[in-house]
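Q: One predicted model, sequence on top.
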Amino acid sequence: SEVKSENKKTIWNTEEVPEGSEFGDIWDPREQPEYEILFKQQVGTEDVFFGMSRKDPSTACCEDMVIKIKLPETKVSDITLDIQDKVLDLRTPQKKLLLHLPCPVDSKNGKARFLSEEEILEVTLRMTREFDFINFA
């Protein structure tokens, strides 16, 4: 009969580790910062005065997603930010935020700025939607 030798130092078998656990590190002691997601619309004078475009104030007509993350007692140099098409991953020595975005974004063309007085990181991302040509025709 075959004897299965396991490394005695491992706490669990690799089979016991849940799928996808490499993304959400449940053992990470850092707390999640407060954040809010806002939707922003590019509006020109023709939209405001004449209603010439078919834009309305709904999120369906918004082009940008703005994520404001509160990071008290944080220096810009402490912030690590990684944006994928559907995920924002932010880490500082004290905080950690893995945020699944409500819709896909253009991860290559985001903007981030740290408002040091308010201790807020403001991340602006351009949303990519399959049906934009319908909304903005």
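A: Done, it's in.
Q: low-confidence ranges in the chain?
A: 1-26, 43-61, 130-137 (pLDDT under 70).
Q: which residues does Lys96 form a beta bridge with?
A: Lys96 forms beta bridges with Arg91, as assigned by DSSP bridges.
Q: Return the distance of it relative to Asp106.
A: According to Cβ to Cβ, to the nearest Å, Lys96 and Asp106 sit 24 Å apart. Every C-beta, even on glycine, is put in place using the N, C-alpha and C of the backbone.
Q: The two: which is more packed in?
A: Neighbour count, other Cβ atoms under 10 Å: between Lys96 and Asp106, Lys96 has more, with 18 against 13.
Q: contact partners of stretch 68-86?
A: Stretch 68-86 is contacted by residues 33-36, 38, 88-95, 97, 100-101, 104-107, 110, 112, 114, 116, 119-123, 125, 128 when judged by Cβ atoms under 8 Å, 6 or more residues apart in numbering.
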